[in-house]
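> quick one, structure for this:
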Amino acid sequence: MLPVATDADGDPRCVYGAPMARPAGGVPGPAGASDTGREPGHGDGRGGDDDPEGIGPPGHRSAAGWPLAAAAMAAAVLVGLVHLATSSGTPLVFGGDQAVLALQVHEATRFHATLGPYSRFGWSHLGPALFYLFAPLYALTGGSPWSLLADSLLLNGVSLCLALVVVRRFGGEWAARWALVPTGLVAVALGALSFETLWNPNLEGATVLLMVVLAAAACTGSGPSVVGVALVGTYLVQTDIGTVPVVGATAVCAVGGYALRRFRRPAGGRRHRSAHAHARRSAAPGRTARPAAAPGRTARPAAAPGGTAHRPRRPWAAWALGGAGAVVVVVAWIPPLVQQVTGHPGNISRLVHFFTTPQNGPGTAGSNHSFAQAWHVVANTVSVVPFGTVPATTPFTGASTARQAVLAASLVASALAVGWAARRRNAFALGLGLVSLVGLAASVVAAMRIVGPVYSYLMLWAVFLPVPAWIALGILVAGRSAPDARRRHATGGVRLGAAVVASLVLVVPTALFARQLGEVPWSTSAPDHQIPAIASFASSRLAATSGRSVLLVIGNADRWPVVAGVMLALTDRGDHPEVQPAWAFMFTPRAVAGPGPHAELVFTDPPTGPAGDAAATPSGSTFTGPWGTTVVRFVPAPGGAG
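Just a heads-up that it's a prediction; the model follows:
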């Protein structure tokens, strides 16, 4: 009888030193086969922790386990954060929409925020999730405006990193590295300012990508991923009512895919092909099966194709994660529901009335957009790679043939991924293709429902929707060639080439993105002296009257951006600025002046008339800056001094 050699781990080898095969479900099978009898990474779309379909190049086993894709994206975000920190000594003044959002974040630090970002149509978006996300850092930095830029970059950057982490968890590290390519290219095409500017349209695209990737993970039977879809979807619909179609469609895919995956399984676990059939089909000639473990001895878990053993499942961790996410979702809907009950009328009632009643008011012309117009809108949105963003002067409802071809190619790629993944029985790739296909269709529906002229920022949230389809195709293409790659002995040249390609995949997109984030000219931008000067003017007049409350009167509607900036500056100084009731939709009802006499700060445009005419002489102080020329007049409260 020939002696049986053992390897360094104590596993038996045949007499010639070749590794002996592992049993699959108690039946002798090929080396590396799992104990369920399925092919690694085949059937459930999850497979091993590192390389579920063996799509990575051969090499050292730990290389496949390093989360380099997410780390590379995190490094780019870190470059942006460092650049913001080094620029924070430069005065930063908010006006317009940014000032209004900053005021809402200030309200959230006191737990007073109940509404989402305002709309020019007189209502607010569904909820304040965005403001409560930004409130902690804003409060910790004493209300620094730079913290809101850092919050914006963190929200977008963390969303992209988490999307790559989810791809790695359910598709493998090499799939995550491939996912970095389309994700990074879209990020570079959008530019750094689209990721670190405080403006709600810029804070949705990356979170949409995270939501659809989580929905694809839910199609593999992951319960926490379903809760993740609900959590991210709550943020999106509270921040932008226009995302309701894509969030709803994605949620249906996530819940439906999860239900099919979980409730169609037999009692014994996942449905896999017969272990006997797998052993007969894939056992290598000349290999001797390793006998089953001796009684009383625990068999070592089968290794994943990348070389890392499957980790034991911890159901309690999944339940805890899902439960915590569900609690957050419930809590996030309390403020808008409270406002609906206490408001007169409630914001949700305003929204329902607006979207169920034909709109003929100012700014609503063209509210019935055709399918062709919506198609062009989505084509302009998703074709930032390779054509870049559409100039603001270009009609957004008209797309070039090349841009339309990009949208058509994205739909074809999504459909191809769905069909191919279904044939391969790869649930994760199937989910990626499905959510991309359904998301693009839902975005066309959302574009048809836009009321009024279509501006480019209204659909910016859809920019990442084609990315999951290309990730799925990359997973499927690489997985298709994996068996042949495993049969061949990898030479040093193959290993070197694979390492070079992997390095380029990681370095090029993230290096370009990091360079953009690190070159934003924050410190060299011309500071805005107009708003601080008006705030100082108002504070000095209030100090002379021994008062802190002042009513900001918007004499001309185009002066509202300046008023918003002054209101934020006065709030930071400890004063109590208020606005007229007509502007409650923008500044929330809490900012509306109550009854009683008030000191007033009146904002108007410069008077017009011939030079030297008395009508052309401003009756107040004139301030000029990036928002144009503003005439400000202080009117003390009746009985006040100064």
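
> find the residue at the geometric middle of this structure.
For the chain, residue 207 is the residue whose C-alpha lies nearest the centre (CA atoms, centre = their mean; 1.5 Å).

> so how far is the helix or strand encompassing that one off the chain centroid?
Using DSSP states H and E, residue 207 falls within helix 205-218. In terms of CA atoms, centre = their mean, to the nearest Å, the gap separating the centre of helix 205-218 from the centre of its chain is 8 Å.

> what helices or strands is that helix leaning on?
The contact analysis (3 or more CB pairs under 8 Å, 6 or more residues apart in numbering; DSSP states H and E) places helix 205-218 against helix 145-171, helix 223-239, helix 244-263, helix 427-448, helix 467-487. Just so you know, the C-beta spots here come from the backbone N, C-alpha and C atoms, and that holds for glycine as well.

> what inclination does that helix have with respect to helix 427-448?
Put simply, helix 205-218 runs at 140 degrees to helix 427-448, going by axes from the mean of the first three to the mean of the last three CA atoms, to 10 degrees.

> helix 205-218 vs helix 244-263, what angle?
Helix 205-218 and helix 244-263 are oriented at 20 degrees to each other (the same axes, to 10 degrees).

> circling back: check what pLDDT the residue nearest to the centre of the chain gets.
Looking at residue 207, its pLDDT stands at 97.

> ditto for the one 3 residues further on
With respect to pLDDT, residue 210 has a value of 97.

> same check, this time on residue 600
If you check residue 600, the pLDDT there is 89.

> for it, which non-adjacent residue is closest in space?
Among residues not flanking residue 600 along the chain, residue 635 sits closest, at 4.1 Å (CB to CB, 6 or more residues apart in numbering).

> could you check how far the one you found is from residue 538?
Per CB to CB, to the nearest Å, residue 635 is found 11 Å from residue 538.

> quick one, which of these two is more surrounded?
Taking neighbours as other CB atoms under 10 Å, residue 635 and residue 538 compare with residue 538 leading, 22 against 16.

> so that one sits against residue 548, correct?
No - using CB atoms under 8 Å, residue 538 is not in contact with residue 548; the gap is 10.8 Å.

> which neighbours do these two share?
Common contact partners of residue 538 and residue 548 (CB atoms under 8 Å, 6 or more residues apart in numbering): residue 575.

> flag the shaky bits of this protein, pLDDT-wise.
1-65, 265-315, 359-368, 392-395, 480-505, 523-527, 546, 597, 609-619, 639-642 (pLDDT under 70).

> which residues does residue 194 contact?
Residues near residue 194 by CB under 8 Å, 6+ apart: 202, 205, 460.

> no wait, residue 125
Counting by CB under 8 Å, 6+ apart, residue 125 makes contact with 115, 116, 117, 118, 119, 200, 238, 239, 240, 241.

> need phi/psi at it.
Torsion angles at residue 125 (phi, psi; degrees, to the nearest 10) stand at phi -70, psi 170.

> swap in residue 631?
Torsion angles at residue 631 (phi, psi; degrees, to the nearest 10) stand at phi -100, psi 120.

> wait, it sits on residue 620?
Yes - counting by CB under 8 Å, residue 620 is a contact partner of residue 631 at 4.8 Å.

> more crowded one of these two?
Counted by other CB under 10 Å, residue 631 and residue 620 do not tie: residue 631 has more neighbours, with 19 against 16.

> who's the more buried one bridged to?
As for beta bridges, residue 631 partners with residue 604, residue 622 under DSSP bridges.

> what's the distance between it and residue 563?
Distance of residue 631 to residue 563, computed by CB to CB: 13 Å.

> overlap of the contact sets of the two?
Residues within reach of residue 631 and of residue 563 at once, by CB under 8 Å, 6+ apart, are residue 603.

> that older thread, which neighbours do residue 635 and residue 538 share?
Common neighbours of residue 635 and residue 538 (CB under 8 Å, 6+ apart) are residue 601.

> on that earlier part again, so which of the helices and strands packed on helix 205-218 is the most packed in?
Of all the helices and strands packed on helix 205-218, helix 427-448 has the most neighbours on average by mean count of other CB atoms under 10 Å, namely a mean of 26.

> what helices or strands is it leaning on?
Applying 3+ CB pairs under 8 Å, 6+ apart, we find helix 427-448 packed against helix 145-171, helix 205-218, helix 244-263, helix 371-382, helix 401-424, helix 467-487.

> now those helices as JSON lines including distance to residue 449?
Shown next, in JSON lines, are the helices and strands packed on helix 427-448 (distance: least, CB to CB, whole Å):
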{"stretch": "helix 145-171", "distance to residue 449": "25"}
{"stretch": "helix 205-218", "distance to residue 449": "17"}
{"stretch": "helix 244-263", "distance to residue 449": "7"}
{"stretch": "helix 371-382", "distance to residue 449": "9"}
{"stretch": "helix 401-424", "distance to residue 449": "18"}
{"stretch": "helix 467-487", "distance to residue 449": "23"}
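
> go through those helices and name the closest to residue 342.
helix 244-263 (23.7 Å; CB to CB).

> check which helices and strands the closest one sits against.
Secondary-structure packing of helix 244-263 (3+ CB pairs under 8 Å, 6+ apart): helix 205-218, helix 223-239, helix 427-448.

> what's it in contact with?
Counting by CB under 8 Å, 6+ apart, 44, 208, 211-212, 214-215, 218-223, 225-226, 229-230, 233, 236-237, 427, 431, 434-435, 438-439, 441-443, 445-446, 449, 461-462, 465 sit against helix 244-263.

> CA atoms only: put that helix into CSV for me.
Taking Å, rounded to 0.1, in the frame of the first residue of the first chain, the C-alpha atoms of helix 244-263 are listed here in CSV:
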residue,chain,number,x,y,z
VAL,A,244,-40.8,58.1,-7.0
PRO,A,245,-41.2,56.2,-10.3
VAL,A,246,-37.7,54.7,-10.2
VAL,A,247,-37.8,54.1,-6.4
GLY,A,248,-41.1,52.3,-6.7
ALA,A,249,-40.0,50.2,-9.7
THR,A,250,-36.7,49.3,-8.0
ALA,A,251,-38.6,48.4,-4.8
VAL,A,252,-40.9,46.0,-6.7
CYS,A,253,-37.8,44.3,-8.3
ALA,A,254,-36.1,44.0,-4.9
VAL,A,255,-39.2,42.6,-3.0
GLY,A,256,-40.2,40.4,-5.9
GLY,A,257,-36.7,39.0,-6.5
TYR,A,258,-36.2,38.4,-2.8
ALA,A,259,-39.6,36.6,-2.5
LEU,A,260,-38.9,34.4,-5.5
ARG,A,261,-35.5,33.5,-4.2
ARG,A,262,-36.5,32.8,-0.7
PHE,A,263,-39.9,31.2,-1.0
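
> how distant is that helix from the center of its chain?
The chain centroid and the centroid of helix 244-263 are separated by 18 Å, computed with CA atoms, centre = their mean.

> list residues touching both of residue 631 and residue 620?
By the contact definition CB under 8 Å, 6+ apart, residue 631 and residue 620 are jointly contacted by residue 604.

> what's the burial count for the residue nearest to residue 239 when sequence neighbours are not counted?
Among residues not flanking residue 239 along the chain, residue 130 sits closest, at 4.9 Å (CB to CB, 6+ apart). The tally of other residues near residue 130 (other CB under 10 Å) stands at 28.
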